[in-house]
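Fold the stuff below for me.
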Amino acid sequence: MALYRCSFQNITRSEGRSAVAAAAYRAGEKVTNEWDGVTHDFTKKQGIVHTEIRLPPEAPAEYKIRSRLWNAVEASEKSARARLCRECLLALPVELSREQQIQLVRDYVEQNFVALGMCADVAIHDPHKSGQSNPHAHILLTVRPISEAGEWEPKTQVEYRCR
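Modelled structure (predicted):
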């Protein structure tokens, strides 16, 4: 039986975190953060089975490169307390094939995030511990919308009013 898990968290500078570091870790890559000069090397990380970046049509094509996307996010935020990105963590059904898991995540990301103008950095992990499979997806999401000119716009907040 498939187990369901979906959780969200913010990645903020006020907690000493970095969008570049988060993306490098989840993708198992080596990326230098141009904002603070720190290089994050997670190339030895195991269990990463798929990574990709999904962009809305107005996003610059160069954002398909992980380091450019997340360094642009870091550069757009000036505050030491900035919220840099959001992360969505999804458990994936072990009953699905790897291709089906990837397509499930793509569809979810496109419909729920990219269609709303967010850039999404997807990393699917499947660490095997004690012979158990634990497939899950980490989805890093931008918090600023991108204009039709491909520029970061101010953050917006949705207000819900009770009637």
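
Who are the packing partners of the longest strand along the chain?
Longest strand in the chain, counting residues (DSSP state E): strand 83-91. Here strand 83-91 touches strand 6-12, helix 19-27, helix 66-76, strand 136-142, going by 3 or more CB pairs under 8 Å, 6 or more residues apart in numbering; DSSP states H and E. All C-beta atoms are positioned from the backbone trio N, CA, C, and that covers glycine.

Could you rerun that using 6 Å?
Under the contact criterion of 3 or more CB pairs under 6 Å, 6 or more residues apart in numbering; DSSP states H and E, strand 83-91 touches strand 6-12, strand 136-142.

Parallel or antiparallel, list what pairs with the helix or strand of the chain with the lowest mean pLDDT.
Ranked by mean pLDDT, DSSP states H and E, the weakest helix or strand in the chain is strand 128-129, scoring a mean of 74. Strand pairing for strand 128-129, using DSSP bridges, gives strand 132-133 (antiparallel).

what residues does the partner strand touch?
94, 126 (CB atoms under 6 Å, 6 or more residues apart in numbering).
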